[in-house]
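In: show me how the following folds:
(one chain, ligands or ions: 2)
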Amino acid sequence: SVLADNEHEVMLWSRNAQQVAQMNEDHRNEKYLPGVDLSPRIHATTSMEDAVRGACAILIVAPSSAMREVTRELKLYRDPASLVIHATKGFETESLKRMSIVIAEELDCDASQIVALSGPSHAEEVVRRCPTTVVVASADLAAAEEAQDLFINSFFRVYTNPDVLGVELSGALKNIIALGAGLSDGLGYGDNAKAALLTRGLAEIARLGLEMGANPMTFAGLAGVGDLVVTCTSQHSRNWRAGSMIGKGQTVETVLQEMGMVVEGIRTTKAAYALAREYNVVMPITDQLYQVLFENKAGKQAVEALMGRVRTHEIEEIAQTQKEDWLRN
Ligand SMILES: NC(=O)c1ccc[n+]([C@@H]2O[C@H](COP(=O)([O-])OP(=O)(O)OC[C@H]3O[C@@H](n4cnc5c(N)ncnc54)[C@H](O)[C@@H]3O)[C@@H](O)[C@H]2O)c1
Ligand SMILES: O=P(O)(O)OC[C@H](O)CO
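Out: Ligands and ions are numbered 1, 2, ... in the order given. Here you go, the predicted structure:
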């Protein structure tokens, strides 16, 4: 929608023939964006070849679970000079790889050429042209600026950031905390508890990010705090909503069936739980959520476990040292 507003002809690929017909005939996508008139510059197709051949830029927004398969297919028709941007927030659960790495592997190119678009940007508001700010991250500044040029307009403000690792980690990991914030709300624990989850959630996201080599400042930016706030508080957030339903006593399976949309935080909890062990980082909220989602722990017990942890300092010395190292280098 943003690209069409910027006078680009957009070819949208979907597997669903019925939705494709609806978008082409009525300029509507009633399942995902009910009541919204889409631009006539958006054309839809079920043919990957028609979507990709001749495109100067490709935006991939498949769920993380489908990223490898979708990228493999689009490679068949892609012009190697085309700019590749992704807006997916998650990991490949089996390999624990970030999305830009998975894409680069499948396209057989350098990961620095892939741009990650992230930040607080619920589709329901973007499509209504509500003011929205995001970051486009790439190690290649020219690629990031190309993406910035494509998307930026008066209601969609785009910043560049060279820290792809920090941006991708932020975008994926905030969904875990949003599930936790929803769980807390579902349990009726109020605003103090939610603020604590956001703040301590950010602490553990940054702790893992620092250990993996990200820029600490990224976590204070749009992809970090920005997206964490929106996902933990917005009525549009699927992760928050899923957590809230679990907090009210529904099972994970029922929640997923009822949502009918991707809840990335569930798979991401599994990936982050493994990454925390690989990098030897303490991630108490992630650990507790893992137990709720995959080991049937009651939400109330998880909150009790978090509140009952051994007393500690707010600012961890290790994070502080690494931050100083990062700033020095
Ligand atoms: N919805 C938002 O506001 C928003 C904003 C920023 C980023 N994201 C990210 O975008 C990604 C996708 O989320 P979404 O909101 O579009 O989810 P969604 O559930 O609304 O839609 C996912 C779409 O992917 C399709 N799909 C699923 N598996 C597929 C496969 N194997 N091959 C091809 N298509 C497949 C589904 O049919 C559906 O059309 C997620 O990583 C999410 O975090 C979403
Ligand atoms: O609806 P959610 O919880 O998947 O969040 C979507 C986006 O990441 C918000 O920026």
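In: buried residues in stretch 87-99, which are they?
Out: Buried residues in stretch 87-99, counted by 16 or more other CB atoms under 10 Å: 87-93, 97-99. Placement of C-beta: from N, CA and C, glycine included.
In: if I pick Arg129, what's in contact with it?
Out: 5, 155 (CB atoms under 8 Å, 6 or more residues apart in numbering).
In: quick check, it in a helix?
Out: No. Going by DSSP: H, G, I helix; E, B strand; the rest coil, the assignment for Arg129 is coil, not a helix.
In: so the residue positioned nearest the centre of the chain, which of the three states?
Out: The centroid of the chain falls nearest to Lys89 when counting by CA atoms, centre = their mean (2.4 Å). Here Lys89 is recorded as coil under three-state DSSP.
In: quick revisit: would a markdown table of the buried residues of stretch 87-99 with distance to Gly243 and pLDDT be doable?
Out: Listed next are the buried residues of stretch 87-99 as a markdown table, based on distance: CB to CB, whole Å; pLDDT from 0 to 100:
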| residue | distance to Gly243 | pLDDT |
| --- | --- | --- |
| Ala87 | 22 | 98 |
| Thr88 | 20 | 98 |
| Lys89 | 16 | 98 |
| Gly90 | 16 | 98 |
| Phe91 | 19 | 98 |
| Glu92 | 23 | 98 |
| Thr93 | 19 | 97 |
| Lys97 | 25 | 98 |
| Arg98 | 23 | 98 |
| Met99 | 23 | 98 |
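In: near ligand 2, list only the ones from the residues you listed.
Out: For ligand 2, the contacts drawn from the buried residues of stretch 87-99 by CB under 6 Å from any ligand atom are Lys89.
In: could you dump the buried residues of stretch 87-99 into JSON lines with distance to ligand 1 added?
Out: What follows is the buried residues of stretch 87-99, written out as JSON lines (distance: CB to the nearest ligand atom, whole Å):
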{"residue": "Ala87", "distance to ligand 1": "5"}
{"residue": "Thr88", "distance to ligand 1": "4"}
{"residue": "Lys89", "distance to ligand 1": "4"}
{"residue": "Gly90", "distance to ligand 1": "5"}
{"residue": "Phe91", "distance to ligand 1": "10"}
{"residue": "Glu92", "distance to ligand 1": "12"}
{"residue": "Thr93", "distance to ligand 1": "13"}
{"residue": "Lys97", "distance to ligand 1": "14"}
{"residue": "Arg98", "distance to ligand 1": "12"}
{"residue": "Met99", "distance to ligand 1": "8"}
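In: check the buried residues of stretch 87-99 and tell me the two furthest apart.
Out: Across the buried residues of stretch 87-99, the longest distance by CB to CB is 18.8 Å; it joins Ala87 and Thr93.
In: and Ala147, how close does it get to ligand 2?
Out: As judged by CB to the nearest ligand atom, to the nearest Å, Ala147 and ligand 2 stand 17 Å apart.
In: how about the contacts made by that residue?
Out: 57, 83, 85, 115, 117, 136, 138, 158.
In: what helix or strand is it on?
Out: Remark: Ala147 resides in helix 141-151, with elements defined by DSSP states H and E.
In: return the set of buried residues in that helix.
Out: In helix 141-151, counting by 16+ other CB under 10 Å, buried: 143-144, 146-148, 150-151.
In: any chance of these in TSV with pLDDT and distance to Lys194 as columns?
Out: TSV is the format used below for the buried residues of helix 141-151 (pLDDT from 0 to 100; distance: CB to CB, whole Å):
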residue	pLDDT	distance to Lys194
Ala143	98	37
Ala144	98	33
Glu146	98	38
Ala147	98	33
Gln148	98	33
Leu150	98	35
Phe151	98	31
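In: these: which ones sit near ligand 1?
Out: Checking the buried residues of helix 141-151 against ligand 1 (CB under 6 Å from any ligand atom), there are no matches.
In: tell me what the helix or strand that Arg200 is a member of is packed against?
Out: Under DSSP H and E, the secondary-structure element containing Arg200 is helix 190-212. Using 3 or more CB pairs under 8 Å, 6 or more residues apart in numbering; DSSP states H and E as the contact criterion, the elements in contact with helix 190-212 are helix 164-186, helix 227-233, helix 264-278, helix 284-294, helix 317-328.
In: in the stretch 51-200 of the chain, where is pLDDT below threshold?
Out: Residues of the stretch 51-200 of the chain meeting the criterion pLDDT under 70: none.
In: contact residues of it facing ligand 2?
Out: So far as CB under 6 Å from any ligand atom goes, the stretch 51-200 of the chain lies against ligand 2 at 89, 120-122, 175, 178.
In: re the thing from before, closest to Ala17 out of the helices and strands packed on helix 190-212?
Out: Judged by CB to CB, the one of those that comes nearest to Ala17 is helix 264-278, at 25.5 Å.
In: mind checking if the closest one is in reach of ligand 1?
Out: Yes. Helix 264-278 comes into contact with ligand 1 (CB under 6 Å from any ligand atom), by way of Glu264.
In: contacts for that helix next, please.
Out: Counting by CB under 8 Å, 6+ apart, 63-65, 89-93, 96, 172-173, 175-176, 178-179, 208, 212, 239, 242-243, 252, 256, 281-283, 286-287, 289-290, 293-294 sit against helix 264-278.
In: which of those are buried?
Out: Buried among these (16+ other CB under 10 Å): 64-65, 89-93, 172-173, 175-176, 178-179, 208, 239, 242-243, 252, 256, 281, 283, 286-287, 289-290, 293.
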